[in-house]
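>>> pasting the structure only:
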Ligand code: GLU
């Protein structure tokens, strides 16, 4: 299995199991469990796109909202041939818990189109994005549901969605999406935010564990927006990045890779494979290398019953959503590996999305230093709250984060009551 064909079997079941563990701890009643374990709204769209050769193709897309008890739905849009409803249900639910973990006023959503964007021209991709945006326009909006980039989508994708939505409205609505280019209402620091948030909680974890980041050996799986920037930021903290990978393979140098040079190499060759002065490994082999910090920053289900027992690290920091399955989670607990769960470790992205949305609504913009300062405050506070629960209850960080997050969402749902 490669990261290209990511396993998504039972992902929603996995999300529900994680939720049920927290619901048991919190003693939630059956009714509330039913409410919180399903998605509130699920929209499927099949839509035509005019291709460059004059033919018409039909694509399937989705936008799912899990819960909006604490505010408008929030979450990314991914383009991938294997996007499917159960994967999106899990990802939407994880967004609800993620926003609650860092205490920002959003619910959770996720969307996607079944497509391999690498096979489309830029013009076809724009057509597809604009038509998909039109199809989901009945759900999205600055007060209802705010998309953002995710796997294989970026600031340009968000610009097309913002423009399409605004054309239909007849006026510019910057706050309908986040992760936009800076010149049209994007936030300084949003591009680095997922990685920066991850760096901040890794620093906290190292402090609690009495480890130094300076000289720590780090392995990063995935070299996209999250992975490549986490690698750079941790290297700036003195860590030695011994291995990185992308969907085509991995590279390893026990003395450390020069991340800036790897980024430049990837820009030129569209892959990290072939980078000089490094051993070539698969993107699964790198997960089993001896290191201090392992950062899965690619897809779901990369750490599972087959490889978790062979993982030789002290900290796993989940920059990706759902990289560790339930069996692997148990193995990590048994082996004393400290896991920074996705709903905490990668929450920096949606946190700065929140800052972007606030700035768009106020038409008043901050500089990057202000953004990073506020991001730091939120991540450090969330880490401390989750860590405290894990210490008090003698449980792992994921269960602790779920108790915090599910508790907050359940409380909001109970305070609001059931309508009518
Ligand atoms: N796609 C990112 C995530 O999974 C960001 C979502 C957002 O900013 O709304 O957290």
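Right, received. Where do you want to start? Everything quoted here is computed from the prediction, not taken from an experiment. Numbering: from 1, shown residues only.
>>> Please count neighbours and contacts with C-alpha atoms only from this point.
OK.
>>> Contact partners for the residue lying farthest from the centre of the chain?
Computed with C-alpha atoms, centre = their mean, the maximum C-alpha offset from the centroid of the chain is found at residue 54, amounting to 36.0 Å. Contacts for residue 54 (C-alpha atoms under 8 Å, 6 or more residues apart in numbering) come out as none.
>>> For it, give its distance to residue 37.
Residue 54 sits 44 Å away from residue 37, going by C-alpha to C-alpha, to the nearest Å.
>>> what residues does stretch 296-310 touch?
Residues outside stretch 296-310 that contact it (C-alpha under 8 Å, 6+ apart): 3, 6-8, 220-224, 226-227, 246, 284, 287-288, 316-328, 331-332.
>>> how long is that stretch from one end to the other?
End residues of stretch 296-310 are separated by 15 Å (C-alpha to C-alpha).
>>> Quick one: mean pLDDT for that stretch?
The average pLDDT for stretch 296-310 rounds to 97.
>>> The longest helix along the chain - contacts with which helices or strands?
Determined from DSSP state H, the single longest helix within the chain is helix 368-393. On a contact count with 3 or more C-alpha pairs under 8 Å, 6 or more residues apart in numbering; DSSP states H and E, helix 368-393 meets helix 190-209, helix 342-345, helix 348-362, helix 397-416.
>>> The last one: which residues count as buried?
Which is helix 397-416. The neighbour-count check on helix 397-416 (16 or more other C-alpha atoms under 10 Å) flags 397-410, 413 as buried.
>>> can you narrow those residues to ones near the ligand?
Among these, no residue is within reach of the ligand (C-alpha under 6 Å from any ligand atom).
>>> element containing residue 137?
Of the helices and strands defined by DSSP states H and E, none includes residue 137.
>>> And residue 57, by the same measure?
Secondary structure assigned from DSSP H and E places residue 57 in strand 56-67.
>>> how big is the angle separating the helix or strand following that strand from helix 348-362?
Counting by DSSP H and E, the next helix or strand C-terminal to strand 56-67 is strand 73-79. Interaxial angle of strand 73-79 relative to helix 348-362 (axes from the mean of the first three to the mean of the last three C-alpha atoms, to 10 degrees): 120 degrees.
>>> Okay, now the sheet partners of strand 73-79, with direction.
In the sheet, strand 73-79 lines up against strand 107-113 (parallel), strand 145-149 (parallel) (DSSP bridges).
>>> residue contacts, the residue in the stretch 101-250 of the chain that the ligand sits nearest to?
With C-alpha to the nearest ligand atom, the shortest gap between the stretch 101-250 of the chain and the ligand falls at residue 150, namely 4.0 Å. Contacts for residue 150 (C-alpha under 8 Å, 6+ apart) come out as 76-78.
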